[in-house]
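**Q** sequence unknown, structure follows:
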């Protein structure tokens, strides 16, 4: 049990007021660990909300440095941060928002040989990456280690997200099987994205992390939430576990983590 | 004759009255089937069964598109 200080009681008062969070839920948040992979469009709002919410330990991984073209949507990075490692820039803002939070930054590319160590010991993982090879890798690693995670994708005016409870609910591979052929699907750097779409989607992912940790409400599992912000239509497509899934079925064909063929993804 | 389907939650009428998943994808302007996962009445259709899966009146079809986004990590 964590005893709250007076300033913590005030800081988290709007959480504590919620029936399904309360003092107990806030204590769970403060003693939880969330890993955010990618400090970009999705990771930026997710990291800010997780930090503000008082997630006790937040890991954040990204290999890149801040560029001016990031600033239209990656709201954790400021103009003065250009050239700085994204994880260092993100850490500064997260600690400034909430000194209760311990940030564990790692400047690295995520791959099959390091992901198990990176996510080890975390209670929830947020996928804020832009390439399908890493999305599948995060899925497979989280399934194998039994860590719930949130998938997120955005493009132009659209977003999609699902939360995966390993072995219990449909996983990313149940739905999408394997990465699409190279260059088939445009990335945000090629096709563009409305900045606020990243905020909408990354914020949904943070909300899922907070719900999963506190036990509030129903997780977005066995469903893919998609939205098109042009007409502002939201849609929840029901999913079920794929009995032939290569990673989460009874007889998986993938039992060792492997790097999928890397999707070309040039963020310059 | 036409066939009534629910495609991504919207009721649509398509012709002819019988078509495969592959034909519907083409009909709906999805030229590259690799870009999309397909559910019919809540169950996944394997990609190698797109050609042999025949849709019928009243089917609910969902096209689930790949979407990346976020950041390279």
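**A** Done, it's in. Computed from a predicted structure; not experimentally measured.
**Q** where does chain B dip in pLDDT?
**A** Scanning chain B for pLDDT under 70 picks out B:69-73.
**Q** Would you map the helices across the chain?
**A** I'll assume chain A. For chain A, the helices defined by DSSP state H occupy A:6-11, A:13-16, A:22-30, A:43-53, A:86-97, A:115-119, A:132-145, A:172-176, A:188-191, A:195-214.
**Q** Not quite, go with chain B.
**A** B:21-27.
**Q** Show me the strands in it, by range?
**A** B:3-7, B:10-14, B:19-20, B:36-40, B:43-45, B:54-55, B:60-65 (DSSP state E).
**Q** Show me which residues of the stretch 51-200 of chain A sit near chain B.
**A** A:61-64, A:74, A:86, A:109-110, A:127-132, A:134-135, A:152-155, A:158-160, A:174-177, A:180-181, A:184-185, A:187-188, A:193, A:198 (C-beta under 8 Å from any C-beta of the partner chain). Placement of C-beta: from N, CA and C, glycine included.
**Q** Adding mean neighbour count, write the strands of chain B out as TSV.
**A** Converted to TSV, these look like this (neighbours: other C-beta atoms under 10 Å in any protein chain shown):
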stretch	mean neighbour count
strand B:3-7	16
strand B:10-14	12
strand B:19-20	18
strand B:36-40	20
strand B:43-45	17
strand B:54-55	17
strand B:60-65	19
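**Q** Of all those, which one is nearest residue A:30?
**A** strand B:60-65 (36.5 Å; C-beta to C-beta).
**Q** which strands and helices sit next to that closest one?
**A** strand B:3-7, helix B:21-27, strand B:36-40 (3 or more C-beta pairs under 8 Å, 6 or more residues apart in numbering or on different chains; DSSP states H and E).
**Q** Stretch A:233-245 and chain B in contact?
**A** Yes. Remark: stretch A:233-245 sits within contact range of chain B at A:235, A:237-240, A:242, A:244, by C-beta under 8 Å from any C-beta.
**Q** Got a PyMOL select line for the buried ones in those?
**A** Selection of buried members from the residues of stretch A:233-245 next to chain B for PyMOL, criterion 16 or more other C-beta atoms under 10 Å in any protein chain shown:
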select buried, chain A and resi 237+239+242
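**Q** In the stretch 1-150 of chain A, which residue sits closest to chain B?
**A** residue A:40 (2.0 Å; C-beta to the nearest C-beta).
**Q** ok, that residue to residue A:167 distance?
**A** 29 Å (C-beta to C-beta, to the nearest Å).
**Q** In JSON lines: the residues of stretch A:233-245 next to chain B, plus distance to residue B:3.
**A** Shown next, in JSON lines, are the residues of stretch A:233-245 next to chain B (distance: C-beta to C-beta, whole Å):
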{"residue": "A:235", "distance to residue B:3": "22"}
{"residue": "A:237", "distance to residue B:3": "21"}
{"residue": "A:238", "distance to residue B:3": "22"}
{"residue": "A:239", "distance to residue B:3": "25"}
{"residue": "A:240", "distance to residue B:3": "25"}
{"residue": "A:242", "distance to residue B:3": "26"}
{"residue": "A:244", "distance to residue B:3": "28"}
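**Q** among the residues of stretch A:233-245 next to chain B, which two are most distant?
**A** A:235 and A:244 (25.4 Å).
**Q** picking up where we left off before, narrow the residues of the stretch 51-200 of chain A next to chain B to those in strands?
**A** Those of these lying in strands (DSSP E): A:61, A:127, A:152-155, A:158-160.
**Q** Next, format those as CSV and append pLDDT and neighbour count.
**A** Compiled in CSV, these are given as follows (pLDDT from 0 to 100; neighbours: other C-beta atoms under 10 Å in any protein chain shown):
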residue, pLDDT, neighbour count
A:61, 98, 26
A:127, 98, 29
A:152, 97, 31
A:153, 95, 29
A:154, 94, 29
A:155, 91, 23
A:158, 94, 19
A:159, 96, 26
A:160, 96, 22
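**Q** Any idea how many residues pack against residue 31?
**A** Let's take chain A. When neighbours are defined as other C-beta atoms under 10 Å in any protein chain shown, residue A:31 has 15 of them.
**Q** You answered for a different chain; I wanted chain B.
**A** 8.
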